[in-house]
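*Asks:* Sequence first, predicted coordinates after that:
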Amino acid sequence: MAPLVIPRIVHRHVEVDGVQVFYRESLPARADAPVLLLLHGFPSASHQFRRLIDALGAQYRLIAPDYPGFGHTRAPSGFAYTFDRLADITEAFVEQLGLTRFVMYVFDFGAPVGFRLATRHAEWIAGLVVQNGNAYEQGLSKGARDFIELRPDVPGDEGIIRDLLTLPATRGQYEGGTSDPELVAPDGWTLDQHFLDLPGRKEAQIALAFDYHTNLKHYPQWQAWLRKHTPPTLITWGRNDPFFPEPGAHAYLDDLPDAELHILNTGHFALEENLPEIAPLIADFLDRTWT
C-alpha cells in the first residue's frame, strides 16, 4: 500500500490596500512545487476548493483567496464593489505573497477577475485551468443575458437580484444540472448562505451584479490576449450550467486551438460532483505545464 500523504494547509489573513484578505494555502514538501492560484465564483469563496486542495495540496502549492464581499475576507466600509476593484485587490494580494508565476484556475467570477490579472501581468501566467469561467458571448445563456441587463434605476431589478441571494437559489446553483445530487455535499451552499446573510454582504453582491455588464466589453481584449500569448490551457466544463452553457467552453478553441477540453455531465459547480475526474486532469496538466 502506498503511503498516505495528507497536505498541510494554512489559513491566513493578509492586509491588502486596507482589505483583510483571507486565503488558504497548501504547503507541499517541494519548495519548487508548481503553483496554482484558485479564483472562486459566486456566491462562494475559497472553501469551494477545500476538497481539491486536499487532493492535490501535498504535491502542488495551491492558493485560494476570498474576494472582498465573500467568505472570510473583511473589507472596510465604503469599499466599491466592482470587478475592477476585485481584480485590484487580487493583483495586490498576488504581489503581497511574492508570486511571480503560477497557473491560474478561473471559475465563474474568477474569469473576469483572472483575465483582468492576465492582461495586466502576462508574465505571471504559466497556464490556465478554465472551469465554467466565461469569456465569450456564446457562453451566455438567455437567463444570463437577461440578468446582465438588470440596472439599479429600473424598478424591480434589485428585487430580482435579491431573489438570487436566498437559500433555495444558492442551493439550486449547486444541485442544478448535476447527474446525481447526492454527490453534492450540503456544506457548500450552507456556508455560502451564511456569508450572504452577514451584514452588508447582500448589498455587496447587488453592486457586483449590477456591475457584471462591464465584463462583456472586455471580452474582445481577453480573447486577443489568449490569441497573442496562447497559454497552455485545460478546460473542464459542466455542460448543464444554466448560466454559462457548453458553447462557452468550445468558444475558447477559436483562440486556443491546442487547449485540452473536457465536457462533464454536471452543472455549474463541477468540482462538487466531478472532483474524482477533474483533480487528476489538473495534476497531469500541472506536471506537463510547469517547466
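*Replies:* Yep, that arrived.
*Asks:* Quick one: the strands in the stretch 101-250 of the chain, in order.
*Replies:* Secondary structure of the stretch 101-250 of the chain (DSSP state E, counting those that start in this stretch): strands at 102-106, 125-130, 233-238.
*Asks:* Show me the shaky parts of the stretch 1-150 of the chain.
*Replies:* Scanning the stretch 1-150 of the chain for pLDDT under 70 picks out 1-2.
*Asks:* thinking again about what came up before, need the strands of the stretch 101-250 of the chain in CSV with mean neighbour count and distance to Asp187, can you?
*Replies:* C-beta coordinates here come from the backbone N, C-alpha and C atoms, glycine included. Below are these laid out as CSV (neighbours: other CB atoms under 10 Å; distance: least, CB to CB, whole Å):
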stretch, mean neighbour count, distance to Asp187
strand 102-106, 25, 20
strand 125-130, 23, 23
strand 233-238, 24, 19
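*Asks:* got JSON lines for those strands, with distance to Gly114 too?
*Replies:* Shown next, in JSON lines, are these (distance: least, CB to CB, whole Å):
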{"stretch": "strand 102-106", "distance to Gly114": "4"}
{"stretch": "strand 125-130", "distance to Gly114": "8"}
{"stretch": "strand 233-238", "distance to Gly114": "12"}
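*Asks:* Tell me which residues touch the nearest residue to Arg239 once chain neighbours are set aside, please.
*Replies:* Using CB to CB, 6 or more residues apart in numbering and skipping the chain neighbours, the partner closest in space to Arg239 is Glu246 (4.4 Å). Counting by CB atoms under 8 Å, 6 or more residues apart in numbering, Glu246 makes contact with 237, 239, 263.
*Asks:* and if you look at Tyr212?
*Replies:* Contacts of Tyr212 by CB under 8 Å, 6+ apart are 83, 112, 147-148.
*Asks:* taking those one by one, which sit in helices?
*Replies:* Members of those lying in helices (criterion: DSSP state H): 83, 112, 147-148.
*Asks:* circling back: so how far is Glu277 from the residue nearest to Arg239?
*Replies:* As judged by CB to CB, to the nearest Å, Glu246 and Glu277 stand 16 Å apart.
*Asks:* try Arg8
*Replies:* Going from Arg8 to Glu277 by CB to CB gives 26 Å.
*Asks:* Of the two, which one has the most company?
*Replies:* Shown here are Arg8 and Glu277; by other CB atoms under 10 Å, Glu277 has more neighbours (14 against 11).
*Asks:* Would you double-check that the more buried one falls in a helix?
*Replies:* Yes: under DSSP: H, G, I helix; E, B strand; the rest coil, Glu277 falls within a helix.
*Asks:* Who are the contact partners of it?
*Replies:* 236, 262, 264.
*Asks:* how about the one helix or strand the second one maps to: buried residues?
*Replies:* Read it as His262. Per DSSP states H and E: His262 is located in strand 260-264. For strand 260-264, burial by neighbour count (16 or more other CB atoms under 10 Å) applies to Leu264.
*Asks:* Which other helices and strands does it contact?
*Replies:* Packing partners of strand 260-264 (3 or more CB pairs under 8 Å, 6 or more residues apart in numbering; DSSP states H and E): strand 233-238, helix 247-255, helix 270-289.
*Asks:* can you tell me which of those comes nearest to His213?
*Replies:* Closest to His213 of those is helix 247-255 (CB to CB; 16.7 Å).
*Asks:* if we look at the closest one, which residues are touching it?
*Replies:* With contact meaning CB under 8 Å, 6+ apart, helix 247-255 is reached by 130, 132, 134-136, 138-140, 223, 226-227, 233, 235, 237, 239, 259, 261, 263.
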